[in-house]
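1. coordinates only, sequence not included:
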């Protein structure tokens, strides 16, 4: 995995070329649909009917399914374990084993959470698989997000591999000097210090260089910036984003009307 | 302390330069811990440090951005950005209150962080995740639900029991790292006086 660009995979798929704002709008619309739909099955239908086909269209289906299930399966396991077995017994129990009882109400609750989280995990995995973080940040910066916040996120992704490399070097150096990993919890907790201490000192030295670099590039000045690359934003994507906004508004109104105590 | 004016003063170019490095410390500390097989996360050491030396608002921004970066790898972390922001924010205030001056005061700072974060984390974990996280610690929530607690209270008390185990070592570690900083460099941070006593 190329850790400097997080989940992102470079593929010639149908999603990579779209404007990041369009993909973000679509992701948030699907997410809103999952949270606003009154049916338990709706989020699962969104996953199977929209998100998975999109992953195939973006040619990232393999990586997508792997990432989603690595995130989702441990969570879903504990969700159904706890809501399935750990609720206090009532008469409505479906079945009982020893002190554990399974109740329809609790299962329905768990299924609702399971559906919404499946959609939440999967839309963001798909978004980050098909959108380079740098492009996403550039587009957000065009739309008013602070350039400094974008800088922090992009800079972190760039220096993370270097810092990890340095952490490895420090660990090897300390091991060569007799640094042991075993022992009691307190002993091992103290072992964090010889690893993080030198790393932190190096980082503090970097802070000064980086602050100078920021000053030299006038990052702290206000005003509009131009970018080296332009992100294309065709007309139909603008219309699509308006459509997304309208769809979210319509779903929210429909949900409000349905919940109104007539 | 005067709020409006001091917020801007905390966000110097040194503060912005520290943020990505503090986030990297969060991530690397989290990995060091799993290598040492410790039952804690320590993944907010960098955030606590940033809050202590650059002020509460800089700590909050560091925490929030840290979770967003983590979310690019693993999106389940994204909704918890207010929790990380709160950790950086309250750590900044603990430093203003002088709690990063000695190690036992840093323990108190860790406790303050630990007992206040469940108020931010519980609504998120209950509403979005049904009170459950994908780790064994969730079994504690299960036992509390079984004992008759509502999901919200169970998730809250589970956090209250688990958080000190993580936040106290995190705060002490942040304190030690801050104290070991060469004074020439420490002086560049907007709130260096919070971690360095007069004649250290």
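-> Sure, I can see it. What you see is a predicted model; the values in this text were computed from it and never measured.
2. residue ranges of the helices in the stretch 101-250 of chain A, please?
-> A:104-130, A:133-142, A:147-176, A:185-190, A:192-216, A:235-259 (DSSP state H, counting those that start in this stretch).
3. quick one: the spatially most central residue of chain B from chain A, how far?
-> The centre of chain B sits closest to residue B:87, judged by Cα atoms, centre = their mean, with a distance of 3.7 Å. From residue B:87 across to chain A, the span is 17 Å (Cβ to the nearest Cβ, to the nearest Å). Using the backbone N, CA and C atoms, a C-beta is placed for each residue, glycine as well.
4. Next, the buried residues of the strand or helix carrying that residue.
-> In the assignment (DSSP states H and E), residue B:87 maps to helix B:81-96. Across helix B:81-96, burial judged by 16 or more other Cβ atoms under 10 Å in any protein chain shown covers B:81-96.
5. Can you name the residues that contact residue 55?
-> No chain in the question, so chain A it is. Counting by Cβ atoms under 8 Å, 6 or more residues apart in numbering or on different chains, residue A:55 makes contact with A:61, A:64, A:65, A:126, A:129.
6. wrong one, chain B
-> B:6, B:7, B:10, B:15, B:92, B:96, B:190, B:191.
7. Phi first, then psi, for it.
-> For residue B:55, the backbone dihedrals are phi 100, psi 160 (criterion: degrees, to the nearest 10).
8. before we move on, what SS does the residue nearest to residue A:156 when sequence neighbours are not counted have?
-> Leaving aside its chain neighbours, residue A:156 sits nearest to residue B:20 (4.1 Å; criterion: Cβ to Cβ, 6 or more residues apart in numbering or on different chains). Secondary structure, DSSP: H, G, I helix; E, B strand; the rest coil: residue B:20 is helix.
9. Wait, residue B:20 touches residue A:155, no?
-> Yes: at 4.0 Å, residue B:20 and residue A:155 qualify as touching, with contact defined as Cβ atoms under 8 Å.
10. okay, those two: which has more neighbours?
-> More crowded of residue B:20 and residue A:155, by other Cβ atoms under 10 Å in any protein chain shown: residue B:20, with 29 against 20.
11. Chain B: helices as residue ranges?
-> B:3-10, B:13-35, B:45-54, B:56-73, B:81-96, B:103-129, B:138-146, B:151-179, B:183-186 (DSSP state H).
12. Single out the most deeply packed of these.
-> Of those, the one with the most neighbours on average (mean count of other Cβ atoms under 10 Å in any protein chain shown) is helix B:45-54, at a mean of 33.
13. Whether it contacts chain A - can you check?
-> Yes: counting by Cβ under 8 Å from any Cβ of the partner chain, chain A has neighbours in helix B:45-54: residue B:45.
14. angle of that helix against helix A:192-216?
-> 60 degrees (axes from the mean of the first three to the mean of the last three Cα atoms, to 10 degrees).
15. just checking, what packs against helix B:45-54?
-> For helix B:45-54, the elements it packs on are helix B:13-35, helix B:56-73, helix B:81-96, helix B:151-179, judged by 3 or more Cβ pairs under 8 Å, 6 or more residues apart in numbering or on different chains; DSSP states H and E.
16. quick one, which of those helices is nearest to residue B:195?
-> helix B:151-179 (4.1 Å; Cβ to Cβ).
17. Run the chain-centre distance for the closest one.
-> Distance, stretch centre to chain centre, for helix B:151-179: 8 Å (Cα atoms, centre = their mean, to the nearest Å).
18. Tell me what angle it forms with helix B:13-35.
-> Angle between the axes of helix B:151-179 and helix B:13-35 is 110 degrees (criterion: the same axes, to 10 degrees).
19. and helix B:151-179, what other elements does it pack with?
-> Right, helix B:151-179 is packed against helix A:192-216, helix B:45-54, helix B:81-96, helix B:103-129, helix B:138-146 by 3+ Cβ pairs under 8 Å, 6+ apart.
20. Next, the angle from the shortest one to helix B:151-179.
-> Spelled out, that is helix B:138-146. 150 degrees.
21. which residues touch helix B:138-146?
-> A:78, A:81-82, A:85-88, A:99, B:131-132, B:151, B:153-155, B:157-158, B:161-162.
22. ok, back up a step: could you tell me which residues touch both of residue B:20 and residue A:155?
-> Residues touching both residue B:20 and residue A:155 (Cβ under 8 Å, 6+ apart) are residue A:210.
23. Next, give phi and psi for the residue in chain B sticking out farthest from the centre.
-> Computed with Cα atoms, centre = their mean, the maximum C-alpha offset from the centroid of chain B is found at residue B:148, amounting to 31.1 Å. Per-residue torsions, residue B:148: phi 110, psi 0 (degrees, to the nearest 10).
24. now swap in residue B:147 and tell me
-> Dihedral angles (degrees, to the nearest 10) for residue B:147: phi -80, psi 0.
25. List the residues that contact it.
-> residue A:88.
26. Same list (the helices and strands packed on helix B:45-54) but as JSON lines, adding mean pLDDT.
-> Formatted as JSON lines, these follow (pLDDT from 0 to 100):
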{"stretch": "helix B:13-35", "mean pLDDT": "88"}
{"stretch": "helix B:56-73", "mean pLDDT": "93"}
{"stretch": "helix B:81-96", "mean pLDDT": "95"}
{"stretch": "helix B:151-179", "mean pLDDT": "90"}
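27. So which of those is nearest residue A:6?
-> That would be helix B:56-73 among the helices and strands packed on helix B:45-54, by Cβ to Cβ, at 3.8 Å.
28. Report the angle between that closest one and helix A:104-130.
-> Going by the same axes, to 10 degrees, helix B:56-73 makes 90 degrees with helix A:104-130.
29. one step back: farthest pair in the contacts of residue B:55?
-> Maximum distance among the contacts of residue B:55 (Cβ to Cβ): 15.4 Å, for B:15 and B:96.
30. so what does the helix or strand encompassing residue A:76 touch, helix or strand wise?
-> Assigned by DSSP H and E, residue A:76 falls within helix A:61-85. Applying 3+ Cβ pairs under 8 Å, 6+ apart, we find helix A:61-85 packed against helix A:52-57, strand A:100-102, helix A:104-130, helix B:138-146.
31. re the thing from before, would you reformat the helices of the stretch 101-250 of chain A as CSV and include mean pLDDT?
-> Compiled in CSV, these are given as follows (pLDDT from 0 to 100):
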stretch, mean pLDDT
helix A:104-130, 90
helix A:133-142, 88
helix A:147-176, 89
helix A:185-190, 80
helix A:192-216, 85
helix A:235-259, 91
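32. Out of those helices, which one sits most buried?
-> By mean count of other Cβ under 10 Å, the helices of the stretch 101-250 of chain A have helix A:104-130 as the most buried, with a mean of 22.
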